[in-house]
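Chemist: Provide a 3D model corresponding to the input given below.
(one chain, ligands or ions: 1)
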Amino acid sequence: MTDEPVKFLLAERDIPTQWVNLLVDLPGGPLPPLHPGTLEPAGPPDLTPIFPMALIEQEVSGEPDIDIPEEVREAYKLWRPTPLIRARRLERELDTPAHIYYKYEGVSPAGSHKPNTAVPQAYENARAGIKRLATETGAGQWGSSLAFACSLFGLECEVFMVGSSYDQKPYRRSMMQTWGATVHRSPSTLTESGRAQQAHPTGSLGIAISEAVEVAAAREDTNYALGSVLNHVLLHQTVIGQEAMAQMEMAGEQPDVVVACVGGGSNFGGLAFPFVRQVLRGQAKMRFVAAEPTACPTLTRGAYRYDFGDTAGLTPLMPMYTLGHDFVPAPVHAGGLRYHGDAPMVCGLVHAGLVEARAYRQNETFAAAVRFARSEGIIPAPEPAHAIRAVIEEAEAAREAGEARVILFGLCGHGHFDLSAYDAYLAGELQDPEFSEQEMDEALARLPQTPAIA
Ligand SMILES: Cc1ncc(COP(=O)(O)O)c(C=O)c1O
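Modeler: This is a model prediction of the structure:
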């Protein structure tokens, strides 16, 4: 056995004590969300019908670092700190001088990074006296994470699951039910928003969000929880990047490039923001790459505009790269990346040129995932497979340049519930849907009339 380390492990006492709030360091400062009715800037009181005040305060906080409650750190101990792994076998397979590291979040109970925010959200809602949380889920990762977190704090959980994922991933539903949640196929006939969308049986995250927000707004004892996009969600995920930073120090290296997939932006923000802060403060130099599907190319082809977070237009409007709130993406297997917009914080960084976005087709993404599985062993979820595709490009570029570049990427979930997608890929049956110019033009024509963003 060589003495070359593969895993870089921290102790439970090394679980971060604070979250990193990048809002404070963002170039240009934050743009306010707009009220869906008046299109005027929305403030904390507009959010109280569906969120507890503690999370609203985190959403708009001007503090650069926010303490993590001890109860949350205690729950994090169930799976955190997560390992950082040097992908030595993938490096050999790619014949690259690059050093490739991945932060593996698939060790959480739900199998992805999503419990990092589900736990503090359930905790703060329980503390505020809320009895029930309603949410949407795409790939099923977020719904199962919230179901798990609700079970820790004695809350009921009601999940609207995007129709195409509900059909593709029946065991995600079983998982949620095992943790005690109620699961509905979206669009459902239980809500007005769902009934209005019966013509789109595959559903979308935007439709499922409308259903969950409608349920939460209608009941005093029920709040809504979102698995991505919002500032406080990305904030909670920064435990990933802070741990990775300490682990890269253990490895004696500093990333040249940080890569992660983007659906709503929480895994990307979670891994990248602590490093982005170093760059914004002039303490380090590095590149950031966001990977997304060509079937839902928000960052690479979307318009930078104010848009609703959901299909029915119930949520505040946020400044983001959007394909239009009523856009229903093709039912690709990376269900977690089928969202029409992205986190305003991530969009702001793309707009400022600090983050480069790239889009990949479904087949090339699965080819990368299989190559990874056959060298590193872990079968990735289809979402981070997009990041792996980008990492392979980076590693090949390092080989061409003859440089030992250091690449860090987020392996934000395993693919154990996505094996039907692997079956389809291995049988040569996967489609490569593209987003057409006509779809973009039609979506832009339906965007709400709001001021352009500078
Ligand atoms: C494994 C996995 N990765 C990525 C995502 C995309 O979300 P985000 O961009 O917020 O990380 C999801 C969403 O469900 C997911 O399940």
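Chemist: Show me where the stretch 301-450 of the chain dips below the pLDDT cut-off.
Modeler: The stretch 301-450 of the chain contains no residues with pLDDT under 70.
Chemist: what residues does it put near the ligand?
Modeler: The stretch 301-450 of the chain comes close to the ligand at residues 336-337, 381, 383-384, 412-413, as judged by CB under 6 Å from any ligand atom. Just so you know, the C-beta spots here come from the backbone N, C-alpha and C atoms, and that holds for glycine as well.
Chemist: hmm, 8 Å instead?
Modeler: Selection of the stretch 301-450 of the chain residues close to the ligand by CB under 8 Å from any ligand atom yields 334-337, 339, 342-343, 381, 383-384, 412-413.
Chemist: and the residue nearest to Pro52 when sequence neighbours are not counted, how many neighbours does it have?
Modeler: Excluding the flanking residues, the one nearest Pro52 by CB to CB, 6 or more residues apart in numbering is Ala128, at 3.7 Å. Neighbourhood size, Ala128 [other CB atoms under 10 Å]: 13.
Chemist: so who does Ala128 touch?
Modeler: Going by CB atoms under 8 Å, 6 or more residues apart in numbering, Ala128 touches 52-54, 223.
Chemist: thinking again about what came up before, which one (most neighbours) among the residues of the stretch 301-450 of the chain next to the ligand?
Modeler: For these, the largest neighbour count, defined by other CB under 10 Å, is 36 neighbours, found at Pro384.
Chemist: Go ahead and confirm it touches Cys412.
Modeler: Yes - counting by CB atoms under 8 Å, Cys412 is a contact partner of Pro384 at 4.9 Å.
Chemist: shared neighbours, those two?
Modeler: Counting by CB under 8 Å, 6+ apart, the contacts common to Pro384 and Cys412 are 260-261, 267.
Chemist: restrict those residues to contacts with the ligand.
Modeler: Among the shared contacts of Pro384 and Cys412, the ligand is touched by 260-261, 267 when using CB under 8 Å from any ligand atom.
Chemist: Select from those every entry located in helices.
Modeler: Counted as lying in helices by DSSP state H, out of those, are Asn267.
Chemist: okay, the ones next to the ligand among the shared contacts of Pro384 and Cys412 in TSV with neighbour count and pLDDT next?
Modeler: Formatted as TSV, those follow (neighbours: other CB atoms under 10 Å; pLDDT from 0 to 100):
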residue	neighbour count	pLDDT
Ala260	33	98
Cys261	33	98
Asn267	31	98
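Chemist: Which single one of the shared contacts of Pro384 and Cys412 is nearest to the ligand?
Modeler: Using CB to the nearest ligand atom, Asn267 is the member of the shared contacts of Pro384 and Cys412 that lies nearest the ligand, at 3.2 Å.
Chemist: ok, for that closest one, nearest residue in space, not its chain neighbours?
Modeler: For Asn267, ignoring the flanking residues on the chain, the nearest one in space by CB to CB, 6+ apart is Cys412 at 4.0 Å.
Chemist: That neighbour contacts Cys261, doesn't it?
Modeler: Yes - counting by CB under 8 Å, Cys412 touches Cys261, with 7.0 Å between them.
Chemist: any residues in contact with both of these two?
Modeler: Residues within reach of Cys412 and of Cys261 at once, by CB under 8 Å, 6+ apart, are 267, 383-384, 387.
Chemist: hmm, back to that, could I get the residues of the stretch 301-450 of the chain next to the ligand as CSV with secondary structure?
Modeler: Shown next, in CSV, are these (DSSP: H, G, I helix; E, B strand; the rest coil):
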residue, secondary structure
Ala334, coil
Gly335, helix
Gly336, helix
Leu337, helix
Tyr339, coil
Asp342, coil
Ala343, coil
Ala381, coil
Glu383, helix
Pro384, helix
Cys412, coil
Gly413, strand
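Chemist: which one of those sits closest to Pro81?
Modeler: The closest of those to Pro81 turns out to be Cys412 (CB to CB; 15.1 Å).
Chemist: neighbours around Gly140, how many?
Modeler: Gly140 has 32 neighbours, counted by other CB under 10 Å.
Chemist: Ramachandran coordinates for it?
Modeler: Main-chain dihedrals, Gly140, degrees, to the nearest 10: phi 100, psi -10.
Chemist: Now do the contacts for it.
Modeler: The contact partners of Gly140, taken as CB under 8 Å, 6+ apart, are 161, 165, 169, 172-173, 175-176, 335, 417.
Chemist: For it, which non-adjacent residue is spatially closest?
Modeler: Arg172 (2.8 Å).
Chemist: Which positions in the helix or strand hosting the one you found come out as buried?
Modeler: Taking DSSP states H and E as the criterion, Arg172 maps to helix 170-178. Residues 172-173, 175-176 are the ones in helix 170-178 that count as buried (16 or more other CB atoms under 10 Å).
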